[in-house]
Every structure is written in structure tokens, then in C-alpha cells.
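[1] fold the following, please.
(one chain, ligands or ions: 1)
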Amino acid sequence: MKIQKGQRGKMERNKKREILLGVCGGIAAYKVPELIRMLDAMNADVKCILTKNGSKFVTPLTLQTISGNKVYEGMFNSHDFDVEHISLAKQADLLVIVPATADVISRLACGRAEDLLSSVALSTKSPILVCPSMNENMWLHPATKKNVDILNEYGYKFVFPEKGKLACGDEGMGRLADLNKIVDEIKKILKNE
Ligand SMILES: Cc1cc2nc3c(=O)[nH]c(=O)nc-3n(C[C@H](O)[C@H](O)[C@H](O)COP(=O)(O)O)c2cc1C
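    Got it, this is the predicted structure:
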């Protein structure tokens, strides 16, 4: 079928944007299904990479059901012939890590690649948005600050945590940013892509 003048632009606009969500082992992982719903409403195709510890907080079944896509968990359990971390990294328009734990931020800052999420982060050419969430002392620790600075230097984007009631019962800095704020940042990044 011949593509008419102006039609290609329309097709591009209607193309589903592919968002990879890296879900880590933080208490705020319970908010991720709601975030997927919000991304679905903006016509994005959402695929989740769930860390081993992330699966203690939210189940692959929940993420799979809400996203309508397979959930990627390990590096060594694919039955496909392609190298999963490379193909996921290539397909994604954007990688969003939410909630990003202190541990994953440290892994990324060190350029580690021992799990699927950090391997994808290291091999993708797409933008990476990090949405941290943790206890205030973890967030304010110089090690975390240094790791965030390193990632900033590498070009990672952030939606920083907010002040509020934390899972540990404390009131302080470290609560996952409001989901609307995260979605706004995702839209902004995808628009500039
Ligand atoms: C109940 C509980 C809640 C936790 N919440 C957080 C959290 O909000 N943020 C964080 O950085 N780590 C949190 N942790 C610690 C992480 O689960 C731990 O650092 C883990 O290694 C992270 O693994 P991942 O980054 O590979 O998912 C929590 C641990 C437990 C047991």
C-alpha cells in the first residue's frame, strides 16, 4: 500500500512508545501497577523487568496482568534465541527504574551488570529515568549522593523523591515522587526523543 503524503507523520504519532519499567525491591513497588495503568492510558506499551528482590514486593503475575506483557526476571531463563538484555535494550524508547533502590543506584553507578536490569541499563542507548525511593538516611548518605552525581554525569535523568511518611514509619525525605510527576517527566522525555 502506498503511503500518502502526511500519512507517515500520522503513523509515527500513533506508534505505541515502548517503555521498559525496571522494578526493584523497595516498598514503593506496590505503586507500580497504578503507574502501568497511567502509562497504558497514554498508549504506551509497557514491559517490566523485575529484580529478584523486587518480586518480594510485587508479583510478576500482577505486573504481567496489568501490562499485558511477559515480565522479564532473570538473565539465564530465556528460551528464545536472542540475547534478551540486548534485544530489550534496543527495543525500548525509554527505561524507567521505579522504585529505584539505593542498591540499584549503586550498581548502575559502578557500571555493574550482574542482573538483567543493570545489564539492560548498561547496554541501552535510550534515555534512562531513575525514580528513587528509600529511607531518609539511605537517601542522604554520602554514598547515595555520590552515586546519584555519577549517574547525573552519565546523563541519567531523575525524578527525585519527596518528603512525607515513609514505610519505616519515619517522616522524611525518600518517599517515591507522586506518580503524576513521574508520568509528566516520561511524557517530556518521549516528546524530545
Ligand atoms: C521491608 C523492606 C523494605 C525495603 N524498602 C526499601 C526501599 O524502599 N528502598 C531501598 O532502597 N531499599 C529498600 N529495601 C532494601 C532492598 O530490598 C535491598 O537493598 C535489595 O538488595 C534491593 O534489591 P534490588 O535493587 O536488586 O531490587 C527494603 C527491604 C525490606 C526488607
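[2] okay, now the residue lying closest to residue 57 once chain neighbours are set aside: neighbour count?
    When the adjacent residues along the chain are set aside, residue 57 lies closest to residue 29, with 3.8 Å between them (Cβ to Cβ, 6 or more residues apart in numbering). Every residue, glycine included, has its C-beta placed from N, CA and C. Residues within reach of residue 29, counting by other Cβ atoms under 10 Å, total 26.
[3] repeat that for residue 87.
    Residue 87 has 14 neighbouring residues, counting by other Cβ under 10 Å.
[4] surely it is within a helix?
    Yes: under DSSP: H, G, I helix; E, B strand; the rest coil, residue 87 sits within a helix.
[5] from the ligand, how far out is it?
    21 Å (Cβ to the nearest ligand atom, to the nearest Å).
[6] which stretch of helix or strand covers the closest residue to residue 102 other than its chain neighbours?
    For residue 102, ignoring the flanking residues on the chain, the nearest one in space by Cβ to Cβ, 6+ apart is residue 138 at 4.6 Å. Here residue 138, judged by DSSP states H and E, is contained in helix 136-140.
[7] format the CA atom coordinates belonging to that helix as CSV.
    The C-alpha trace of helix 136-140 is given here as CSV (Å, rounded to 0.1, in the frame of the first residue of the first chain):
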residue,chain,number,x,y,z
GLU,A,136,15.7,9.2,54.5
ASN,A,137,19.1,8.2,56.0
MET,A,138,19.8,6.0,52.9
TRP,A,139,18.9,8.8,50.6
LEU,A,140,21.0,11.4,52.4
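[8] tell me which residues of it are tucked away?
    Going by neighbour count (16 or more other Cβ atoms under 10 Å), the buried part of helix 136-140 is 136, 138, 139.
[9] now what about whichever helix or strand comes after it, what contacts it?
    Next along the chain after helix 136-140, taking DSSP H and E as the criterion, comes helix 142-154. By Cβ atoms under 8 Å, 6 or more residues apart in numbering, the list of residues contacting helix 142-154 from outside reads 102, 105, 106, 108, 109, 130, 132, 134, 138, 158.
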